[in-house]
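Asks: attaching a predicted model along with its sequence, questions to come.
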Amino acid sequence: MHSIKSNFDKILCALREILGGDMSINKKQVKPGPKTKFSDIEVIALACTAECMGHNSENYFFSLLNKKDFPDLLSRRQFNDRRKRLHTKIEDVRKLVLARITKKQEAYVIDSMPLRLCKYARRNRVQIGKETAEIKPNIGYCASQEERYFGFKLHAVCSLEGAVQFFDITSASASDVQYLSTVGQKLKNCHLIGDKGYISESYKQTLREESKIFLFTDSRSNAKKPHFIPPIYKGKRKKIETIFSQLSDQFNIQQNYAKTLLSYFNRIRSKLLSMTILNYINQHVNNKPISQIKYALK
């Protein structure tokens, strides 16, 4: 793994190449008060560098930064405040990066993963999420690991190559199958591959009639009329499982140091943006499969 500075330069170069020089995110801070030479795009690039290198603690990450490499660096408090104000732009930037990676696909993969705020036994002592918000953490069940947890659920749809197309965060108790209505608003004329958690004849029919989306899942063992994922898509669902593993292992998505929901959701968005940037670097710089993000910065 290269140094923080070299990784930062690669990510910043990719963002500038994608966004161009006319976007407002490239401009310096314009609010009243002391001026800074650190632009918004550099704030996002530094945040993505920390995420790509697996640093969840801002305090520790800033202790590793060399002042000679970052002469115009903000203080940690200023950096944190700037990143919070950019929370609406982070997903916009991710969509622009994604547009340079993938085009219209004929098939996508859908799945969800738990986002644990804390151990189940500590759920009553957690303060995050008690502020007023549309989405609140609650108790959910992870079937793959056969455990109950306290937190949220990440729903994602990815391409067959391994790039996350879009995602949403819901309460942990939200049903997977209910998210299909959101998918029907974002996708049209394609095939969708899911696991057994998305079995629903009513949703399947609605997707087919309203959005021309054909949902494929394997049937349960006790199904009266068994149906299976077509052979052409066999094994493709593992792509999104790989993405979830990368988010857990390389990006530490299950570790939480945030004190507010805004900070927590902002870090989740930053991790997804960082992953998409690594997809772009693999495709356009390294000439590697986009899903091999572990090698993107080497």
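Replies: Cool, got the structure.
Asks: list the contacts of the closest residue to Gly197 other than its chain neighbours.
Replies: Closest residue to Gly197 apart from its sequence neighbours, by CB to CB, 6 or more residues apart in numbering: Asp176 at 4.1 Å. C-betas here are computed from N, CA, C, even on glycine. When contacts are counted by CB atoms under 8 Å, 6 or more residues apart in numbering, Asp176 touches Ser112, His155, Gly194, Gly197, Tyr198.
Asks: isn't the third one up against Asp218?
Replies: No - the pair formed by Gly194 and Asp218 falls short of the contact definition of CB atoms under 8 Å, at 9.3 Å.
Asks: who has more neighbours, the two?
Replies: A direct count of neighbours by other CB atoms under 10 Å for Gly194 and Asp218 places Gly194 higher, at 26 against 17.
Asks: so where is the stretch 51-200 of the chain shaky, pLDDT-wise?
Replies: 131-133 (pLDDT under 70).
Asks: can you give me the helices for it?
Replies: 58-64, 76-85, 87-99, 180-186 (DSSP state H, counting those that start in this stretch).
Asks: who are the packing partners of the helix ranked longest in the chain?
Replies: Longest helix in the chain by number of residues (criterion: DSSP state H): helix 261-281. Applying 3 or more CB pairs under 8 Å, 6 or more residues apart in numbering; DSSP states H and E, one finds that helix 261-281 contacts helix 4-19, helix 40-52, helix 76-85, helix 87-99, strand 164-171, helix 238-249.
Asks: run the last query once more with 10 Å
Replies: helix 4-19, helix 40-52, helix 76-85, helix 87-99, strand 107-118, strand 147-159, strand 164-171, helix 238-249 (3 or more CB pairs under 10 Å, 6 or more residues apart in numbering; DSSP states H and E).
Asks: now those in a markdown table, with mean neighbour count and distance to Asn287?
Replies: Formatted as a markdown table, the helices and strands packed on helix 261-281 follow (neighbours: other CB atoms under 10 Å; distance: least, CB to CB, whole Å):
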| stretch | mean neighbour count | distance to Asn287 |
| --- | --- | --- |
| helix 4-19 | 18 | 14 |
| helix 40-52 | 24 | 19 |
| helix 76-85 | 16 | 32 |
| helix 87-99 | 16 | 17 |
| strand 107-118 | 21 | 24 |
| strand 147-159 | 21 | 18 |
| strand 164-171 | 18 | 21 |
| helix 238-249 | 17 | 20 |
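Asks: turn the ones you listed into TSV, including distance to Leu297.
Replies: Converted to TSV, the helices and strands packed on helix 261-281 look like this (distance: least, CB to CB, whole Å):
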stretch	distance to Leu297
helix 4-19	5
helix 40-52	6
helix 76-85	21
helix 87-99	15
strand 107-118	24
strand 147-159	21
strand 164-171	18
helix 238-249	14
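Asks: and of these, who's closest to Phe265?
Replies: With CB to CB as the measure, strand 164-171 is the member of the helices and strands packed on helix 261-281 nearest Phe265 (6.4 Å).
Asks: anything in contact with each of Gly194 and Asp218?
Replies: Counting by CB atoms under 10 Å, 6 or more residues apart in numbering, the residues touching both Gly194 and Asp218 are Ile229, Arg237.
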